[in-house]
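Chemist: Okay, sequence plus prediction incoming.
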Amino acid sequence: WAQLQQQRVGQVQVRADLRDVALESTSGLLDATGGKRIARASHERVQVEARLRKDANGWQLDAPVLRLRRDGQTARLDGLRMRFGDAIEIRAPDLDASTSASLLALSDHVPEKFRAWLLQAQPGVVLRDLRVSGRARQWRASARVEDFQLQPHGQQPGISGLSGWLAMDDRGGVLRLSPTGKARFDWPVGLRQPLDLELAGNLVWWREGKGWTVAAQGLQVRSEGFGMDVHAELGLQGDGSAPTLDLAATLQPVTFATAKKFWIMHKMPPTTVKWLDDALVQGQVADGRIIIAGDLDDWPFRQSEGRFDARANIRGATLRFSPDWPVGEAMDAAVVFNGPGFTVEGKAVLAGNTITSLKGGIVDFKQPWLDLALVSQGQGEKLRALMLASPLKQRYGEHLQAATIAGPANVDLELALPLGKALGERRINGRLELRKARLADSRWDIDFADVSGFTHFSEQGFATQNLAVKFEQQSAVFNLRVGEAFTGGPGLA
């Protein structure tokens, strides 16, 4: 029904119940292939009881009933009241905006990139006690937010279940997160599984020049076996480039099993992911903190354009750093991720040998070579057992099995282990120091006492360096060279 006053429409009243309603945009949107596609919004049912009337201050819309049903779910906007003219005023006791994004994407007045994002992310939210007032360029709004959600699309993550209290105006706003609410973070290309989160703190945003800044203040993130406290600012520069990020976060202790949920699958090489999964057998990550500062166009800051520093302490860990070597046990170490790679420094036990110093890491995950430098101070027999359990047994097991080593023995060992077959062969270099030890070989019926000196070894052989020995109570010097690196021939000794 319509009322005319002085040949102008003064009031329109609508009561409608429509089925299978479909709307299309008048112009196409660019898709991933560079072509154009028409945007569509379809609803199984639309119910409207509304009145639009004009008064001295402008137009006023009252909608006691406004419901849109799509995919079996009904979005209710009952009780919506809007006044617009020189001033704007909106009131709604309950406003379910879950279908609004697809309708907004139909409009040519909305920037095309934002329209495409609306169709992909399908944002949705329920607003309780919505209040908006002001003018076109000077307004303010408040509402209780329930179940804010974005769908994951492309390489972008999604979130659902976000709730809180919203206050904003034309210059910025704040969302105070509900500490009792539960949200779900879903990133199919990035994480192995969705994460159920409990969030508390404030999300704040404000206009800055041509862009916007979004900040997390006192943000607490909790999940099963995981907790993190975050302060961050994300700078949206408004020029189409990636944002800037300043972030500081502290992590609560987590187990290796929990840490494996957070590998960024589409950013980390598969060989690195597999090595981490296999290497981190059990243990705890404590004292974790993360600092990021820079323009994300330059991520991961290989040339020091920004700063990425993530560090933590590993406690009581069991680490299988290579399938060819025994597992490291009782490992305590400091780990630092510093851009494209990481470093580690600590101590452990390897096949009963105490590793007093362990240093190494990966320079760049794009070329994942694991370099380790180990220092062990222990006993000769335990050291011999370690060598027999290592790749050295493949070539020199005959010599190791026939030998007997007893007494103090120190080892400096350097390993270069490729985490991908295309990178090449592993490299092993080391030095064994014996001090007043016993060295015997059953094949040659020799038994040396008070053995002191150095022996160099690699994956290609080993060679003593003028070992001082006692043989049948007589002082002597003993030398033995085995393998191509020290004799010139792989079968020579």
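Modeler: Nice, I can see it.
Chemist: Would you list the phi and psi of His399?
Modeler: Taking degrees, to the nearest 10, you get phi -70, psi -40 for the backbone angles of His399.
Chemist: Leaving out sequence neighbours, find the closest residue to it.
Modeler: Distances taken as Cβ to Cβ, 6 or more residues apart in numbering place Val482 nearest to His399, at 6.2 Å, with adjacent residues excluded. In this view, the C-beta of every residue, glycine as well, is placed from N, C-alpha and C.
Chemist: repeat for Met265
Modeler: The shortest distance from Met265 to any non-neighbouring residue, by Cβ to Cβ, 6+ apart, is to Gly190 (5.9 Å).
Chemist: Could I get the buried residue list for stretch 330-346?
Modeler: The neighbour-count check on stretch 330-346 (16 or more other Cβ atoms under 10 Å) flags Met331, Ala333, Val335, Phe337, Asn338, Gly339, Pro340, Gly341, Phe342, Thr343, Val344, Gly346 as buried.
Chemist: got it, and stretch 153-170?
Modeler: Neighbour counts over stretch 153-170 (16+ other Cβ under 10 Å) mark Pro157, Gly158, Ile159, Ser160, Gly161, Leu162, Ser163, Gly164, Trp165, Leu166, Met168 as buried.
Chemist: Next: stretch 171-191.
Modeler: Quick answer for stretch 171-191 (16+ other Cβ under 10 Å): 172-178, 181, 183, 185-187, 190-191.
Chemist: repeat for stretch 54-73
Modeler: Going by neighbour count (16+ other Cβ under 10 Å), the buried part of stretch 54-73 is Lys54, Gln60, Leu61, Asp62, Ala63, Val65, Leu66, Arg67, Leu68, Arg69, Arg70.
Chemist: Not counting its own residues, what contacts it?
Modeler: For stretch 54-73, the external contacting residues (Cβ atoms under 8 Å, 6 or more residues apart in numbering) are 9-11, 42-53, 74-87, 98-99.
Chemist: And stretch 226-241, by the same measure?
Modeler: Contacts of stretch 226-241 (Cβ under 8 Å, 6+ apart): 201, 208-222, 243-252, 254, 258, 261, 295, 297.
Chemist: Tell me which of those residues fall in helices.
Modeler: If you go by DSSP state H, these have Thr258 in helices.
Chemist: now the contacts of stretch 226-241: which count as buried?
Modeler: 201, 212-213, 215-216, 219-222, 243-246, 249, 251, 254, 295.
Chemist: Show me what the worst-scoring helix or strand of the chain on mean pLDDT is packed against.
Modeler: Ranked by mean pLDDT, DSSP states H and E, the weakest helix or strand in the chain is helix 484-487, scoring a mean of 73. Counting contacts by 3 or more Cβ pairs under 8 Å, 6 or more residues apart in numbering; DSSP states H and E, helix 484-487 packs against strand 461-471.
Chemist: Within the sheet, what are the partner strands of the strand it packs on, with directions?
Modeler: Applying DSSP bridges, strand 461-471 is found paired with strand 446-458 (antiparallel), strand 474-478 (antiparallel), strand 481-482 (antiparallel).
Chemist: Scan the chain for its longest strand.
Modeler: Determined from DSSP state E, the single longest strand within the chain is strand 8-30.
Chemist: buried sites along it?
Modeler: Applying 16+ other Cβ under 10 Å to strand 8-30 flags Gln11, Ser25, Leu29 as buried.
Chemist: And for Ser452, nearest residue in space, chain neighbours not counted?
Modeler: Ala468 (4.8 Å).
Chemist: ok, the one you found to Arg438 distance?
Modeler: 13 Å (Cβ to Cβ, to the nearest Å).
Chemist: between the two, which one's more packed in?
Modeler: Arg438 (18 against 15; other Cβ atoms under 10 Å).
Chemist: Please read off the pLDDT at the more buried one from the model.
Modeler: At Arg438, the model reports a pLDDT of 92.
Chemist: what about it, which helix or strand?
Modeler: Element membership for Arg438 (DSSP states H and E) is strand 427-441.
Chemist: okay, the angle between that strand and strand 474-478?
Modeler: Here the directions of strand 427-441 and strand 474-478 differ by 150 degrees (axes from the mean of the first three to the mean of the last three Cα atoms, to 10 degrees).
Chemist: Pairing partners for strand 427-441, with directions?
Modeler: strand 403-406 (antiparallel), strand 408-418 (antiparallel), strand 446-458 (antiparallel).
Chemist: I'd assumed Val214 was in contact with Trp205.
Modeler: Yes - contact status for Trp205 versus Val214: in contact at 4.6 Å, counting by Cβ atoms under 8 Å.
Chemist: contacting residues for the one residue sitting closest to the centre of the chain?
Modeler: Nearest residue to the geometric centre of the chain (Cα atoms, centre = their mean): Ile264, 4.4 Å. Going by Cβ under 8 Å, 6+ apart, Ile264 touches Gly190, Leu191.
Chemist: Wasn't it part of a strand?
Modeler: No - remark: Ile264 does not belong to a strand; assigned using DSSP: H, G, I helix; E, B strand; the rest coil, it is coil.
Chemist: For Phe114, see how far away it is.
Modeler: For Ile264, the distance to Phe114 - Cβ to Cβ - is 27 Å.
Chemist: ditto for Pro157
Modeler: Relative to Phe114, Pro157 is positioned 18 Å away (Cβ to Cβ).
Chemist: how about the strands of the stretch 51-200 of the chain, start to end?
Modeler: 58-70, 73-76, 80-85, 88-96, 124-135, 138-150, 158-169, 172-177, 182-186, 195-208 (DSSP state E, counting those that start in this stretch).
Chemist: Outside of the last one itself, list whatever touches it.
Modeler: For strand 195-208, the external contacting residues (Cβ under 8 Å, 6+ apart) are 162, 164, 171-179, 181-186, 212-224, 230, 235, 261.
Chemist: how far off strand 158-169 does that strand point, in degrees?
Modeler: Going by the same axes, to 10 degrees, strand 195-208 makes 30 degrees with strand 158-169.
Chemist: Can you list the buried residues in strand 195-208?
Modeler: Of all the residues in strand 195-208, those buried under the rule 16+ other Cβ under 10 Å are Leu195, Leu197, Glu198, Leu199, Ala200, Gly201, Leu203, Val204, Trp205.
Chemist: How about the third one?
Modeler: Within strand 80-85, the residues scored as buried using 16+ other Cβ under 10 Å are Leu80, Met82, Arg83.
Chemist: Is Gly346 bridged to anything, and to what?
Modeler: If you apply DSSP bridges, the partners that Gly346 bridges to are Ala333, Leu358.
Chemist: right, and it touches Met331 too?
Modeler: Yes - at 6.2 Å, Gly346 counts as touching Met331 under the criterion of Cβ under 8 Å.
Chemist: Look up the residues that both of the two are in contact with.
Modeler: Contacts common to Gly346 and Met331, judged by Cβ under 8 Å, 6+ apart, are Ile314, Leu358.
Chemist: pLDDT weak spots in this structure?
Modeler: The chain contains residues with pLDDT under 70 at 30-34, 488-493.
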